[in-house]
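Q: predicted model follows, preceded by the sequence.
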Amino acid sequence: MKATSVVSLLVASVALVLGVAMAQQAAPARDSTVRVPVPLIPRAAEAPRVPRVPKTSGTQRRSSASKCNGYSELCDRKLNLVAFPTTHNSFASGDNIAANQNKGIPDQLDDGIRGFMLDLHNASSNTLFRRASASEPYLCHTSCVLLNDGPLSATLKYFTTFLEAHSEEVITIFLENDDNFSATTIAQAFEDAGLDKFVYTPSGSSSNYTWPTLGEMVEKNTRLVVLVDRNSDTKSVPWLVYDRNYVVQTPYTVGVGSTFGCNLMTEAQPLLVMNHFVYTNYSVLSMEVEKPSPDTASSVNTRQSIVNQANVCGAAARFPNFVTVDFYDVGDLFKAVADINKVQYSSPSVSTDFSSAGSDSHTTSAAPLSAAAGSTAVLAVVVSALALLL
């Protein structure tokens, strides 16, 4: 949902907030009907076919780590030969129309999520529009008026706490730099959170780049890969790398009832983000606005549905590295990822004391948009637009 002009974004934002207000005034019951036609979750004895894990050429030194991301079998696999459970808009959680997840990042870490997508915005008064800014990045979904999860540095402290507590876990963070922050500004947030000590720095960017094994990353304590979609500057920040040099995605605009494929959005790269989530159209003032679809998570996130898409990618000689979903806690994401990795599923959950990160629970500063709150949000949207235009 990216705006192409000030006018269209203003109209869409006002329409969305007005629509939410009207919808919540009516307070309809949530429709729990399964809308995506996918097969039932297979029984344990009927494990679905999964794509072949590509063989690694050359001789590999066996890792001394006992387990990597919960499985001993993964320690001797290179990062590009491992599938990771990943959340789309990881920060956008809670009771909000813009939320893509039911649980916050601390819970996601403890539950076994190992790939995270974070959107960086400027939380100034002009919160609707992309503008170059040197201020601290905030985590917002589309607009900080709609959903504001606070400063990036505050959320990164959760990752620091987690990696300090669990020495055999490898994590990847994808940054969508919506408001064009500089690489040094982004790096400062990682430094403020104490997270920069864990970063991995790739030594090249060619399509045949040789990634380390998870065990090697564990042994060297370089267990965090960070990619950004714009304004990378590897001379100033070597570890903050341009995602398109390493990663390609499948389409992320799949409507309810559509089929998941494996068409690549850009030129092929060693790592694949397999997007496996859908949106639903929300009708507001004769306009169609895309929003997350929690009601379909129980059918979209089945083991069979996820593995089916992985098989499509496998048939195209593409191994799905980051299996990305909305509402990860609904369905069988972790079992599907175990199938893709060809390991016997075991619960990846751990327990972490996040109190040192400032909170032991996750909350989003943007409250649910009630009818009254919707009116306030409309005013904020209009004021933001006028401030920019004038």
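A: Looks like it arrived, so ask away.
Q: contacts, neighbours, all on C-alpha from now
A: OK.
Q: OK, contacts around the residue nearest to Leu163 when sequence neighbours are not counted?
A: Of all residues not flanking Leu163 in the chain, Glu169 sits nearest, at 6.8 Å (CA to CA, 6 or more residues apart in numbering). The contact partners of Glu169, by CA atoms under 8 Å, 6 or more residues apart in numbering, come to Cys68, Asn69, Gly70, Leu163, Val218, Arg223.
Q: any idea how far Glu169 is from Gly115?
A: From Glu169 over to Gly115 the distance is 11 Å, taken as CA to CA, to the nearest Å.
Q: ok, now which ones touch Val312?
A: Gly261, Cys262.
Q: which residues of the stretch 151-300 of the chain fall in helices?
A: 152-165, 183-192, 214-220, 297-300 (DSSP state H, counting those that start in this stretch).
Q: so can I have JSON lines of the contacts of Glu169 showing pLDDT and neighbour count?
A: Formatted as JSON lines, these follow (pLDDT from 0 to 100; neighbours: other CA atoms under 10 Å):
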{"residue": "Cys68", "pLDDT": "98", "neighbour count": "22"}
{"residue": "Asn69", "pLDDT": "98", "neighbour count": "22"}
{"residue": "Gly70", "pLDDT": "97", "neighbour count": "18"}
{"residue": "Leu163", "pLDDT": "98", "neighbour count": "21"}
{"residue": "Val218", "pLDDT": "98", "neighbour count": "24"}
{"residue": "Arg223", "pLDDT": "98", "neighbour count": "22"}
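Q: between the residues you listed, which sits nearest Asn208?
A: Nearest to Asn208 among the contacts of Glu169 is Arg223, at 20.8 Å by CA to CA.
Q: could you say which helix or strand contains Ile306?
A: helix 303-315 (DSSP states H and E).
Q: which residues are in contact with the helix or strand just after that helix?
A: Scanning forward in sequence from helix 303-315 by DSSP H and E, the next helix or strand is strand 322-325. By CA under 8 Å, 6+ apart, the residues outside strand 322-325 that reach it are 83-88, 115, 272-277, 301, 333, 337.
Q: return the distance of the helix or strand that strand 322-325 is followed by from the chain's centre.
A: Next helix or strand after strand 322-325 toward the C-terminus (DSSP H and E): helix 333-341. Its chain's C-alpha centre and that of helix 333-341 lie 17 Å apart, by CA atoms, centre = their mean, to the nearest Å.
Q: hang on, the earlier thing: any chance of the contacts of Glu169 in TSV, plus distance to Asn100?
A: Output for the contacts of Glu169, formatted as TSV (distance: CA to CA, whole Å):
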residue	distance to Asn100
Cys68	27
Asn69	24
Gly70	25
Leu163	24
Val218	30
Arg223	26
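Q: just how off-centre is stretch 137-144 within its chain?
A: 14 Å.
Q: quick check: mean pLDDT across that stretch?
A: In this model, stretch 137-144 has a mean pLDDT of 91.
Q: ok, residues contacting that stretch?
A: For stretch 137-144, using CA under 8 Å, 6+ apart, the contacting residues are 1-2, 89, 91-92, 98, 118-123, 127-129, 146-152, 181, 185-186, 189.
Q: of the residues you listed, which belong to strands?
A: Leu118, Asp119, Leu120, His121, Asn122, Leu146, Leu147, Asn148, Asp149, Gly150, Pro151 (DSSP state E).
Q: need the buried ones from the residues you listed selected in ChimeraX.
A: Those of these that count as buried under 16 or more other CA atoms under 10 Å are selected in ChimeraX with:
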select :118,119,120,121,122,146,147,148,149,150,151
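Q: and the least confident of the ones in strands among the contacts of stretch 137-144?
A: Among the ones in strands among the contacts of stretch 137-144, Leu146 has the weakest pLDDT, 87.
Q: surely that residue is in contact with Ala98?
A: Yes - if you go by CA atoms under 8 Å, Leu146 and Ala98 touch, sitting 7.1 Å apart.
Q: so which bits of stretch 66-85 are buried?
A: So, applying 16+ other CA under 10 Å, buried residues of stretch 66-85: 67-71, 73-85.
Q: buried residues, the helix holding Ile306. List them.
A: Result for helix 303-315 [16+ other CA under 10 Å]: buried residues Arg303, Gln304, Ser305, Ile306, Val307, Asn308, Gln309, Ala310, Asn311, Val312, Cys313, Gly314.
Q: setting aside sequence neighbours, what's the nearest residue to Asp243?
A: Spatial nearest neighbour of Asp243, excluding adjacent residues (CA to CA, 6+ apart): Leu227 at 5.0 Å.
Q: quick check: the one you found vs Pro137, distance?
A: 15 Å.
Q: these two - which one has more neighbours?
A: Each of Leu227 and Pro137 has its neighbours counted (other CA atoms under 10 Å); Pro137 has more, 25 against 21.
Q: so where's the stretch 1-150 of the chain uncertain?
A: Within the stretch 1-150 of the chain, the segments meeting pLDDT under 70 span 1-64, 125-134.
Q: do you have the strands of it handy? List them.
A: 84-87, 115-122, 137-141, 143-151 (DSSP state E, counting those that start in this stretch).
Q: the stretch 151-300 of the chain: strands as residue ranges?
A: Taking DSSP E, counting those that start in this stretch, the strands of the stretch 151-300 of the chain run over residues 171-177, 224-228, 240-242, 247-249, 271-275, 279-284, 287-292.
Q: most tightly surrounded among the ones you listed?
A: Most buried of those, by mean neighbour count (mean count of other CA atoms under 10 Å): strand 271-275, with a mean of 25.
Q: contacts for it next, please.
A: Taking CA under 8 Å, 6+ apart as the rule, strand 271-275 contacts 80, 246-252, 262, 310, 318-325.
Q: which non-adjacent residue is nearest Ser153?
A: That would be Ala189: by CA to CA, 6+ apart, it lies 4.6 Å from Ser153.
Q: about what we covered before: now the ones in strands among the contacts of stretch 137-144 as TSV including distance to Asp233?
A: Output for the ones in strands among the contacts of stretch 137-144, formatted as TSV (distance: CA to CA, whole Å):
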residue	distance to Asp233
Leu118	19
Asp119	18
Leu120	17
His121	19
Asn122	20
Leu146	30
Leu147	29
Asn148	27
Asp149	26
Gly150	25
Pro151	22
